[in-house]
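*Asks:* below are the sequence and a predicted model; questions follow.
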Protein chains: 2
Amino acid sequence: MPVTPQPSPEPTRRPRKDAERNRQRLLDAAGELFVERGFAVSLEEIAARAGLGVGTVYRHIDDRAGLLSELLAPMLEEVLTVTRQALDRDDPGPAFFWLLRELAERVALNQAMRDVLLAEIPPEPMVTRLRAEFAPLGTEALRRAQAAGAVRDDLGPTDLPLLLAAVGSIEVRFGRVAPGTWERFLTLLLDGLTPSRTTTSKLAVVPLTDEQLGELSSPE
Amino acid sequence: MPVTPQPSPEPTRRPRKDAERNRQRLLDAAGELFVERGFAVSLEEIAARAGLGVGTVYRHIDDRAGLLSELLAPMLEEVLTVTRQALDRDDPGPAFFWLLRELAERVALNQAMRDVLLAEIPPEPMVTRLRAEFAPLGTEALRRAQAAGAVRDDLGPTDLPLLLAAVGSIEVRFGRVAPGTWERFLTLLLDGLTPSRTTTSKLAVVPLTDEQLGELSSPE
DNA sequence: ATAAAACGGAATTTGTTCTTCCGTTTCACC
DNA sequence: GGTGAAACGGAAGAACAAATTCCGTTTTAT
């Protein structure tokens, strides 16, 4: 009997070089577009950005949903990572505000993240898992900050998605015209509108100009 | 020459009774649906709510856009009215916060208003007019509140739409599950998250429960 | 009772995106 | 540099959704 060089139990041949390269381009393009424009981008647009035809896209994925869940996992994992980092710190007050900023920034700069937060997305097990894992961590971070007297006592753990959703929505509306506005808004939110706060934060971002406000009317 | 009973220059006959009634039903239904669900509701749904066929709807309006602009005017007028009321008061600080609440409430409870604020709407001259007329009034209300020391000095007039958009977005996301959450959020926004504020406001609305948060995953 | 006006809703049009299909091109190996 | 399998491109088809039109039927006013 002739010896087969590799009697590998799985007859999985390694993919052709071009196929591998194109698969990577596809994932890169989809990732970029999801961040920029959210999960609603069409496969045609993704294919175009990747420099491929739509047919080729379907050679690499099962369907739209497959692509989505493939890219979702790493994005959501990051949320848990920063949250754990906040819990590792031993200055609960500042750690909590740092966490809020980290999360707010991700939500503000990533349309896909907003889609998840705002549920503009078909139900995904990955998302459910994130919620389940995040909840106790976020709750604990808040609890410690309150114990340290850094955060008002009547803030609840379920307010966190509220705050993040608000910050995210600001960037949806105003980001195109004045990127970074989310940060101004976040500061207002943390500080409140009334003067002579005990916190030190100055508004780091300037208000929109009237011209910018006017630009908001036009569609594209 | 025979005398015509009414030689009215415009040969406009008065409409039939049923036509007049149906026109009113149509406008009512459209108004309700716009408030509940925004301008994106289909004409079919409007017709159904009015108890009419779609064909009949087209007998009363030119097209979708015509219906929209017909209903837009009174809604926007109201914004100017409350703003002027705020300016009529002689307690600039409270007046400003009162105005914010009035506007926030309208935005929070009216999806059509949010569509206008968030520009989810084809460009309408009516909207442009509103912006132009509101801007100086809002600016003045803010300026006086700042002069009275009630509002931080670095808040700008263009922050007002920002705050309203944020409040509105909260109700979009959380309103179905926990109506009224917008008010809790508004208080946070006015107050800030840190404790021992000089303002008196307590959070009047309870936080979402975990169950409510869970419900947000499901589509309908 | 009759004719004009109005009505209902099926059918048509328009627009968009997902997905499949198949003729053409590229790659890996000889 | 030839050959077959694998991969590719993009046109065509399927699915969906909402806007608008059309025309046979019903209602109103006289």
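*Replies:* Perfect, thanks for sending it. Because the structure is predicted, anything quoted here is derived from the model rather than measured.
*Asks:* from what I can see A:Asp159 touches B:Leu189, true?
*Replies:* No - with contact defined as Cβ atoms under 8 Å, A:Asp159 does not reach B:Leu189; the gap is 11.6 Å. Where you see a C-beta, it was placed from the backbone N, CA and C, and this is true even at glycine.
*Asks:* so for the two, which residue has more residues nearby?
*Replies:* B:Leu189 (23 against 20; other Cβ atoms under 10 Å in any protein chain shown).
*Asks:* and whatever residue of chain A ends up closest to chain B, how many residues sit next to it?
*Replies:* Nearest residue of chain A to chain B: A:Gly192, at 2.6 Å (Cβ to the nearest Cβ). As a burial measure, A:Gly192 scores 22 neighbours (other Cβ under 10 Å).
*Asks:* phi first, then psi, for A:Val177.
*Replies:* A:Val177 adopts backbone torsions of phi -90, psi -40, taken as degrees, to the nearest 10.
*Asks:* how many other residues sit next to it?
*Replies:* By other Cβ under 10 Å, the residues close to A:Val177 number 16.
*Asks:* pLDDT at it, what is it?
*Replies:* Per-residue pLDDT puts A:Val177 at 81.
*Asks:* ok, now how distant is it from A:Met126?
*Replies:* As for A:Val177, its distance to A:Met126 is 32 Å (criterion: Cβ to Cβ, to the nearest Å).
*Asks:* and for A:Ala141?
*Replies:* Distance from A:Ala141 to A:Met126, counting by Cβ to Cβ: 22 Å.
*Asks:* between these two, which is the more surrounded one?
*Replies:* The neighbour count for A:Ala141 versus A:Met126, taken as other Cβ under 10 Å, is higher for A:Ala141 (24 against 17).
*Asks:* next, give phi and psi for that one.
*Replies:* Torsion angles, degrees, to the nearest 10, at A:Ala141: phi -60, psi -40.
*Asks:* residues touching it, list them.
*Replies:* If you count contacts by Cβ atoms under 8 Å, 6 or more residues apart in numbering or on different chains, A:Ala141 has them with A:83, A:86-87, A:92, A:95-96, A:99.
*Asks:* by mean pLDDT, point me to the weakest helix or strand of chain A.
*Replies:* Least confident helix or strand, chain A: helix A:210-215 with a mean of 63, by mean pLDDT, DSSP states H and E.
*Asks:* mind naming the longest helix for chain A?
*Replies:* Criterion DSSP state H: the longest helix present in chain A is helix A:64-88.
*Asks:* pLDDT of that one, averaged?
*Replies:* On average, helix A:64-88 scores 95.
*Asks:* for DNA strand D, what's the nearest residue on chain A?
*Replies:* A:Gly55 (1.6 Å; Cβ to the nearest atom of the strand).
*Asks:* Three-state assignment for that residue, please.
*Replies:* Counting by DSSP: H, G, I helix; E, B strand; the rest coil, the backbone at A:Gly55 sits in helix.
*Asks:* cool, the one 4 residues further on as well?
*Replies:* When the structure is split into helix, strand and coil by three-state DSSP, A:Arg59 lands in helix.
*Asks:* so which residues of chain A form helices?
*Replies:* Taking DSSP H as the criterion, chain A carries its helices at A:17-37, A:43-50, A:54-60, A:64-88, A:92-109, A:111-117, A:125-147, A:159-174, A:181-191, A:210-215.
*Asks:* let's have those in TSV, adding distance to DNA strand C.
*Replies:* Listed next are those as TSV, based on distance: least, Cβ to the nearest atom of the strand, whole Å:
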stretch	distance to DNA strand C
helix A:17-37	3
helix A:43-50	4
helix A:54-60	3
helix A:64-88	4
helix A:92-109	23
helix A:111-117	13
helix A:125-147	18
helix A:159-174	18
helix A:181-191	26
helix A:210-215	23
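*Asks:* of all the ones you listed, which lies closest to B:Leu163?
*Replies:* Closest of those to B:Leu163 is helix A:181-191, at 7.6 Å (criterion: Cβ to Cβ).
*Asks:* what packs against the closest one?
*Replies:* When contacts are defined as 3 or more Cβ pairs under 8 Å, 6 or more residues apart in numbering or on different chains; DSSP states H and E, helix A:181-191 sits against helix A:92-109, helix A:159-174, helix B:159-174, helix B:181-191.
*Asks:* now render those as TSV, adding distance to DNA strand D and mean pLDDT.
*Replies:* Converted to TSV, these look like this (distance: least, Cβ to the nearest atom of the strand, whole Å; pLDDT from 0 to 100):
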stretch	distance to DNA strand D	mean pLDDT
helix A:92-109	28	95
helix A:159-174	22	91
helix B:159-174	18	91
helix B:181-191	26	88
